[in-house]
Structures are given as C-alpha cells and as structure tokens.
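Q: what follows is a predicted protein model with its sequence.
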Amino acid sequence: MNIDLAKLREKAEAITVAGEIERLIECDTPYNRFFETAAELSDNVAVKYMGNDIKYSEMLAIIDVMAKGFHELGVRKNDVVTVSLLGAPYAIAIFYALDKLGACQHMVNSSSGIDELKREFQNFDSKYFVANDIFCSDETLDMLKKIGVEKVIVTSLLDGMSKGLSTDKAKYTVIEKAKGIKSKLIDGKSIINCQQLIKLGESSYEEITPVPFEENHMAAVAYTSGSTGNSKACTATWRAMDSFIQVLGMTEVGRYNIGDVLFTTFPLWIFYSLLNMIHEPLCLGITVALDPLYEPDNLEKRNNQYQFNHWPTIPPYIAKMLQLNKNLDCSKWRVVSVGGVELKDEVKLGADEYINAHGGTAKIVQGYGASEVLGSFSYCYYDNPTLGSLGKPCIGNMFKFVDAETGKELENATEGLLYIYSPAMMSEYYGDEEATKQSLIKDENGVTWYNTEDIMRVNERGELFFVDRLRRLVMTIDLDKSPAKLIPSKTESCVASIPAVENCAVITVPDKERENIPIAFVQLKESNALTDEEIIRYCMNNISEYQVPKKVIFIDSIPLTSSQKPDYKSLEKQYKNL
C-alpha cells in the first residue's frame, strides 16, 4: 500500500478533535489498493489455501479475468450484486473483481436460513447472486428465481485448491457432493460456475478500466448480528472502507511485517472478517492463510501447515484450544486477537500461559468493534493492557460518554453510554431511515457519532471496559420497593464464575410485581451436577438481590448468532414456549 503509515500515525496522534483526521486521509478503492501491493510484491504469496500458494501476480490475474467475466454478464457500476461467500481464494478474487467494476456488494449470510435470505433481498434490486455452491439448494434457487434474480454464479470450495490429492480435497469433495448444487443445473446461462465465468473473461476482447474512486460510492452492505433485535444493513462507502484499513494500518505499525502469515477462518459477509482479516493484511503484504470450514480440532493441523504468525479469532476458539490441550508449536505466533464475545479472564490467562509454555511470546489481546464502523474500533495493540480491557481506540478513532436519558455529553465521566467516532463510519442503515437517525448522531460541529447502545467505563489509562447493552438494561424493583437498574451482564458474570458452569446467558422478562426479572439459561460443564437452588444461593451471596435470577433453566448449549454472540432472541422464544 503506497502510504507512509508511520508518518500518517504521527500526524493522527496529534489530532484532538473528532473529524479532523478526515483531512489527512486520502482514499482509493479496494481494487486499486490491492493492485498497488500486487504491483510491488508480485512474486510474494498472497494466499495460502490447502496446499496451494497463490502469488499476488496470480491473484491479480484471476481478479482481472473475473472482472471481465462479470462485465460480459452485464455487471456495471452501481449494480447491486448479492454475495454469500466463505473465506476461499476465489471468494477474495470475486470481491476485488466486482469492486473493480464499481458494483455494490450486498453481503448476506446464506446459512441463516431461506426466510432471512429472502428478507434481506427485499430492499435491494439485485439481479445477481454469487455464492458458494453449498448455499444453492433447490429451495434457494427457486426463491431466487421467484424474486427476479437473473444470474446465479457459484463457486466451489475446491476452486483454488492444490491440484494434487490431499485429505482436505477429499473432505471438501464429500461435503460438496452432499450439499453442493447439482451439476446438471449449471447451464452456463442462468447458473454459472467460476470456471465458466473465467472462460467468459478470457474470451472477451474488452479491456476493463477500474471505475474511478468516488468518496460516497456505495461499495458494500453487510448486516449486524441481530442478537438483541432485527439485523440491520450497514452501508459502506469507498471512503469509509479505505479509511478503515488506514486506521488499522497505522495503529498496527510495527506489529506486522511483509511476508507474515495471518490465519483466517471467517466468511466474507462480515465487515470485520472482510476488512480486518482479508483486505487490510493483503494491502500490507501479509499472506492470508484460509480455512473456510474451520473446526477447532484442526488448529494443530493448520498451525503446522501454514506456520502462521497472526490469528484473529474469537474467545470460544481459544477456550477450545485449551480444552484440547494439544502440543501446538506457538513459537511463530506474534499477535492473537479476539473479539465478538467476552473473553473470560481465566481463558485469557490460561491461553497466555499455554502459548508461553509452547515456545511463544504472544499474548491474547481483546478488542471491540461494530459493523457500523466496519469492524474494529479499539483493541489492545499496546504493551501490558489491563486484564479485561477492550483496549484503547485505534489511532484516529475517538469516543465520548453521554447521558442515556438526555443524550448530553458527560464531561470527565468514567462511565456512560458510549458514542464513538471513526472516519470509517457507515453512511446509513440501508432502507431504514428511522434507525439511522437514532444511531448516527451529529454534534454541534457536524461530526457524526455512532450511538453504540453500550454502557462502558474507562480507566485512567484510557482503556474501555464493557458494562452492558443499553437495550438490555431494564428497570426493576428491589426488596425496598425502590427502582433499580437490572443489568443482565452482571448476573451472567456471577453465574459464569461458578466453577461448574460452562456458560450463561440472561434474558429479562416482564413481571407484575417487579416490572422485570432476570432469567438465567445455564450450560454446565461435562459431568458437573449443579441445582438451580445452588446457583441462586451463590448469586444471593455475590450480587444484589434484584440481579439474582428468578429462574434458572439448564440448557445443553447457549444458542449463538452467526457472529458467535449469544442469541437472546432465540432464548426469549424458548422461554415463551416453556
């Protein structure tokens, strides 16, 4: 990437007013950023995939011929192309190819079900659907036809894999035979595979000039997790996307080197994985190693296979690493970052100890982000972060606390409703003007802040700590008949601190006498017996009585959203059906 990130960081660190950094950042399109790096590092490995190393020059050639293929299919600037892709080489190529043409990529999670997929199409006039073939069931194809999708382009997880025989190839072949689209349906007209797309591009004589950069061009749309409400479509402009990778790039100066290997396992329909784990590292000359159907049991295999240095992941995968207790070689690990859900102190400390005992010096670092700011907002990128911290804002990002009731800024406050600013802010919730007005708040200087609806606190080092979601905070009545704030996360933390408890999620339900009461769903560790009375007694001794769960429901596992957060909507439905 042709930017002096160290110099940009030096200038950005001197800024004290939100919005001023936007004067420093000169932006470009994702395709052009990748092209810059590919031109400079053409013989470096861009992607490692199941035994196959793909150089930057080779990736660029695939991208360019795919762009010509999509152009032959009729894709033009501002066309909405709906994509649902797992992290594999051809998925990355498709992202850059469509960006070269200036198409808006409407990123959806096909694994969320046919009804959710249909709902996400409602606000978009999208004639193209690009997805892994395992997401193109007969039911899905029938739905797409009925809503007016004209072209379906499918990619196999075998695309981009080594040509030789391997256990990975055998495994993925079995999966695609069981779940993939029937080959007879791929007619080369309405349903096209990537080989046919590439042949279209190769047969085209028209050279494709990248669409010139425009600040407010609608480049991509991705959805929030929807764990506490309906998911919303966050719109990213070209300027926001490029601002994001510059913010992350200058924050991480000194933490990455050209030729480092980063292991990523997440799909491309989340801004965090698309930008943090794919686009940013590729633009910095970092090799991306992929496993689109990752299972925690395979960590040792992938570690040996890829010899990776960086692993952005989630706390459940770190916890699973400790449970498996395999003899991993951690000597090459330098940055292991987590986000999405809470990182328990015992997991963080246990993982740090494990890595150190297996030849590594890396420490597990936690972060905080949102789709509304296209991924990471803060994380522990500095030395010796405080245990439990979500880090400090990335360089160029800022925060403030406001009063949850009045919306007025709280001067010198150490806790409150968190508003955040980033030059990588979404432009809107597509198709939802009311939600946009509630979440994107302009201050007296015309700077837009995002209302996170999270209650946070900050320590003297400027580090952020999560308290709870404002949307989950409700009023209750204590034993003295006085109103009190019921904070579900406090109940969750208390129950989760019991040694026999594996996980806990708390919902609140209306109550005639107390207005609202907490209900705890509890997942026990294997072979551990615990009664609901014991849990309630423990809570009575450790938290305020109004925070104590009124009822404990034992559950085999806590349901999770696609972003691995507790699915509170699902738990509320379960409770209603009891």
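A: Cool, the structure landed.
Q: every contact and neighbour count from this point should use C-alpha atoms.
A: Will do.
Q: tell me the contacts of T209?
A: Residues near T209 by C-alpha atoms under 8 Å, 6 or more residues apart in numbering: K100.
Q: give me phi/psi at it?
A: Main-chain torsions, T209, degrees, to the nearest 10: phi -90, psi 130.
Q: so how far is N32 from it?
A: 11 Å (C-alpha to C-alpha, to the nearest Å).
Q: shared neighbours, these two?
A: With C-alpha under 8 Å, 6+ apart, T209 and N32 have common neighbours K100.
Q: where does the residue at the greatest distance from the centre of the chain sit: helix, strand or coil?
A: For the chain, the largest distance from the centre (C-alpha atoms, centre = their mean) belongs to D480, which lies 43.4 Å off. Put simply, D480 is coil when judged by DSSP: H, G, I helix; E, B strand; the rest coil.
Q: and the gap between it and T491?
A: From D480 to T491 the distance is 20 Å (C-alpha to C-alpha).
Q: now the helices for the stretch 351-500 of the chain?
A: Listed in chain order, the helices of the stretch 351-500 of the chain (DSSP state H, counting those that start in this stretch) span 433-439, 488-496.
Q: who are the contact partners of the residue nearest to D511 when sequence neighbours are not counted?
A: Spatial nearest neighbour of D511, excluding adjacent residues (C-alpha to C-alpha, 6 or more residues apart in numbering): I517 at 6.3 Å. For I517, the contacting residues are 476, 486, 508-511, 546, 549-550, by C-alpha under 8 Å, 6+ apart.
Q: closest to Y294 among these?
A: Lowest distance from Y294 to the contacts of I517 (C-alpha to C-alpha) belongs to T508, with 33.9 Å.
Q: give me the beta-bridge partners of the closest one?
A: Under DSSP bridges, the beta-bridge partners of T508 are P518.
Q: contacts only, for it.
A: Counted by C-alpha under 8 Å, 6+ apart, T508 has contacts 472, 474, 488, 516-519.
Q: how much space between it and K551?
A: 11 Å.
Q: can you check Y294 too?
A: 36 Å.
Q: mind listing the helices for the stretch 201-350 of the chain?
A: In the stretch 201-350 of the chain, helices defined by DSSP H, counting those that start in this stretch lie at 238-251, 271, 280-283, 299-306, 315-324, 345-357, listed in chain order.
Q: elements contacting the longest one?
A: Where contact means 3 or more C-alpha pairs under 8 Å, 6 or more residues apart in numbering; DSSP states H and E, helix 238-251 is packed against helix 5-12, helix 30-40, helix 280-283.
Q: low-confidence ranges in this structure?
A: For the chain, applying pLDDT under 70 flags the ranges 226-230, 562-563.
Q: for burial, what's the neighbour tally of E545?
A: Residues contacting E545 under the criterion other C-alpha atoms under 10 Å number 14.
Q: list the contacts for the residue nearest to it when sequence neighbours are not counted?
A: Nearest non-adjacent residue to E545, counting by C-alpha to C-alpha, 6+ apart: D478, 7.2 Å away. By C-alpha under 8 Å, 6+ apart, D478 lies in contact with 484, 514, 545-546.
Q: list the contacts for K182?
A: Residues near K182 by C-alpha under 8 Å, 6+ apart: none.
Q: just checking, next helix/strand downstream of the biggest helix by length in the chain?
A: Longest helix of the chain, by residue count under DSSP state H: helix 56-73. Sequence order places strand 80-84 as the next helix or strand after helix 56-73, per DSSP states H and E.
Q: output the contacting helices and strands for that next one.
A: Packed against strand 80-84 by the contact rule (3+ C-alpha pairs under 8 Å, 6+ apart) you find strand 104-107, strand 126-132.
Q: what does the longest one contact?
A: By C-alpha under 8 Å, 6+ apart, the surrounding residues in contact with strand 126-132 are 79-86, 148-157.
Q: so which of the helices and strands packed on helix 238-251 is nearest I186?
A: Closest approach to I186 among the helices and strands packed on helix 238-251 (C-alpha to C-alpha): helix 30-40, 28.6 Å.
Q: name the residues that touch the closest one?
A: Helix 30-40 is contacted by residues 1-2, 56-57, 60, 96-97, 99-100, 210, 238, 241-242, 279, 282-285 when judged by C-alpha under 8 Å, 6+ apart.
Q: just the helices of the stretch 201-350 of the chain: most buried one?
A: Ranked by mean neighbour count, the helices of the stretch 201-350 of the chain are led by helix 271 with a mean of 27 (mean count of other C-alpha atoms under 10 Å).
Q: elements contacting that one?
A: Contacting helix 271 under the criterion 3+ C-alpha pairs under 8 Å, 6+ apart is no other helix or strand.
Q: centre of the chain to stretch 80-90, how far?
A: Using C-alpha atoms, centre = their mean, to the nearest Å, the mean C-alpha position of stretch 80-90 is found 15 Å from that of the whole chain.
Q: follow-up on the earlier one: quick one: the residue farthest from the centre of the chain and R514, what's the gap?
A: D480 sits at a distance of 11 Å from R514 (criterion: C-alpha to C-alpha).
Q: ok, W449 next?
A: Look at W449 and R514: by C-alpha to C-alpha, they are 35 Å apart.
Q: for E405, same thing?
A: Per C-alpha to C-alpha, E405 is found 21 Å from R514.
Q: who has more neighbours, these two?
A: Applying other C-alpha under 10 Å to E405 and R514 shows that R514 carries more neighbours, namely 17 against 7.
Q: next up, the contacts around that one.
A: 476-478.
Q: rewinding a little: so which of the helices of the stretch 351-500 of the chain is the most surrounded?
A: helix 488-496 (a mean of 21).
Q: and the contacts of that helix?
A: Outside helix 488-496, the residues within contact range by C-alpha under 8 Å, 6+ apart are 467-468, 472-473, 501-508, 518, 520, 535, 538-539, 542-543, 547-549.
Q: selecting buried members of the residues you listed in ChimeraX, what would you type?
A: Selecting the buried subset of these in ChimeraX, with 16 or more other C-alpha atoms under 10 Å as the burial test, is done by:
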select :467,468,472,473,501,502,503,504,505,506,507,508,518,520,535,538,539,547,548,549
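Q: quick one, strands of the stretch 401-550 of the chain?
A: Here the stretch 401-550 of the chain has its strands, by DSSP state E, counting those that start in this stretch, at 415-421, 428-429, 440-442, 448-458, 464-469, 474-477, 483-486, 501-511, 515-524.
Q: closest to K232 out of these?
A: Nearest of those (C-alpha to C-alpha): strand 428-429, 6.2 Å.
Q: which one is the residue most central in space within the chain nearest to, not counting chain neighbours?
A: Residue closest to the mean C-alpha point of the chain, counted by C-alpha atoms, centre = their mean, is Y272 at 3.5 Å. Distances taken as C-alpha to C-alpha, 6+ apart place G375 nearest to Y272, at 4.2 Å, with adjacent residues excluded.
Q: distance of that neighbour from L293?
A: For G375, the distance to L293 equals 22 Å [C-alpha to C-alpha].
Q: more neighbours: which of those two?
A: Comparing G375 with L293 by other C-alpha under 10 Å, the one with more neighbours is G375, at 25 against 13.
Q: got a list of what the closest residue to L5 other than its chain neighbours touches?
A: Closest residue to L5 apart from its sequence neighbours, by C-alpha to C-alpha, 6+ apart: M250 at 4.8 Å. Going by C-alpha under 8 Å, 6+ apart, M250 touches 5-6, 8-9, 395.
Q: drop anything exposed from these.
A: By neighbour count, with 16+ other C-alpha under 10 Å, the contacts of M250 hold 5, 8-9, 395 as buried.
Q: make JSON lines from those residues and add distance to N303 to it.
A: As requested, the buried ones among the contacts of M250 are exported to JSON lines (distance: C-alpha to C-alpha, whole Å):
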{"residue": "L5", "distance to N303": "30"}
{"residue": "L8", "distance to N303": "34"}
{"residue": "R9", "distance to N303": "32"}
{"residue": "I395", "distance to N303": "31"}
